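Q: Please find the sequence and the predicted model below.
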Amino acid sequence: MSSRPFITAFLFIINFQPLSGQNTEQVWHADRGTGLPLSMFGNYINKGEFIFYPFYEYYYDQDAEYKPQELGYDVNIDYRGKYRAHEGLLFFAYGFTDRLAIEFEMAFISAEQQKSAGDISAMPKKLTESGLGDVEGQIRWRWNRETASKPEFFSYYETVFPLQQDKYLIGTKDWEFKLGHGLIKGFAWGTMTLRAAIEYDASENKTELGEYAVEYLKRISSRSQIYLGVEGTQDELELITDLQFKILSKTFLRINNAFGISSKATDYAPELGLLFRL
């Protein structure tokens, strides 16, 4: 995928100048408030705030890429087969200061990978596993506050813990680390975020480009907001939509959908959950 759209968007945000006479502070924070950005799309956290988010996610992929050798069998060839998974997740975040926040997320998953018709390995027609999925934590840091002409810059460091040594289809077998950076700029028509990360996988002893994204957030009313994003990892690219509604004073309903754009991305991954701000 060409990097030109990401470079163009970056230059546009950096060089943006507000219209004279605008209440720029109100424009900057109209969609996101004054909090730090979280990895949970379209959500920000303030000092002393605790966020708890239990949610469910489903994965549907008609032609997921897999390699029998990576699933415990003896053929080192890439195949495509149907993949399904149900996942229940718990997400926590706390804002220590107006610059520092932490996150923690854990998953419980049931997954099924179907064997390709051309697969010559001893893998069964359906490989299923269930149990503890990915368990990860993040430290998030804001370097500066947005001004009339400059965006806000932030960084994040993520660790994925190796808690599934005996599973192949689910969880993480070895340490994974990620270091990312991003910038945010608010406009009258919405808030733009650009971010990218590098990641290290200890099982492969390899460092490479991790997640990258262009994101758009717009507050529709005092009780609802919409998020649109394009997120990628290597050659997997997804379109993400997210709607969030306030249903009680500190309770929000999130409806999220991810649609695979590239052939190696998961075809469809809907998500539903309740987010609590305490």
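A: Structure's in. What do you need?
Q: these two touch, right, Ser155 and Arg140?
A: Yes: between Ser155 and Arg140 there is a contact at 7.5 Å, judged by C-beta atoms under 8 Å. Heads up, the C-betas are built off the backbone N, CA and C, glycines and all.
Q: who's more crowded, the two?
A: Neighbour count, other C-beta atoms under 10 Å: between Ser155 and Arg140, Arg140 has more, with 23 against 15.
Q: Can you tell me how far that one is from Leu194?
A: 16 Å (C-beta to C-beta, to the nearest Å).
Q: Next: Glu215.
A: 8 Å.
Q: and if you look at Gly81?
A: 35 Å.
Q: likewise Pro68?
A: The value you get for Pro68 to Leu194, if C-beta to C-beta is used, is 38 Å.
Q: Check Ile45 too.
A: 20 Å.
Q: of those two, who's got more company?
A: Set Ile45 next to Leu194 and count neighbours by other C-beta under 10 Å: Ile45 wins out with 24 against 21.
Q: Only the buried residues of the helix or strand hosting Tyr56, if you could.
A: If you go by DSSP states H and E, Tyr56 is part of strand 50-66. Neighbour-count burial for strand 50-66, counted by 16 or more other C-beta atoms under 10 Å, picks out 51, 53, 55, 57, 59, 61, 64, 66.
Q: Can I get those in TSV including distance to Ala202 and pLDDT?
A: Converted to TSV, these look like this (distance: C-beta to C-beta, whole Å; pLDDT from 0 to 100):
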residue	distance to Ala202	pLDDT
Ile51	29	98
Tyr53	28	98
Phe55	28	98
Glu57	25	98
Tyr59	25	98
Asp61	26	97
Ala64	24	95
Tyr66	21	94
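Q: Nearest to Phe252 among these?
A: Phe252 lies nearest to Tyr53 out of the buried residues of strand 50-66, by C-beta to C-beta, at 8.8 Å.
Q: for the helix or strand containing Ile102, what is the average pLDDT?
A: Per DSSP H and E: Ile102 is located in strand 100-114. On average, the pLDDT along strand 100-114 is 97.
Q: what do you get for stretch 199-216?
A: Across stretch 199-216, the per-residue pLDDT values average to 93.
Q: How far off centre is that stretch?
A: 12 Å (C-alpha atoms, centre = their mean, to the nearest Å).
Q: Which secondary structure elements does the following helix or strand past the strand holding Tyr56 sit against?
A: As assigned by DSSP H and E, the chain's next helix or strand after strand 50-66 is strand 79-95. Applying 3 or more C-beta pairs under 8 Å, 6 or more residues apart in numbering; DSSP states H and E, we find strand 79-95 packed against strand 44-45, strand 50-66, strand 100-114.
Q: Could you pull up the residues touching the closest residue to Glu208 other than its chain neighbours?
A: Nearest residue to Glu208 in three dimensions, chain neighbours excluded: Glu199, at 6.6 Å (C-beta to C-beta, 6 or more residues apart in numbering). Contacts for Glu199 were tallied using C-beta atoms under 8 Å, 6 or more residues apart in numbering; they are 176-179, 207-211.
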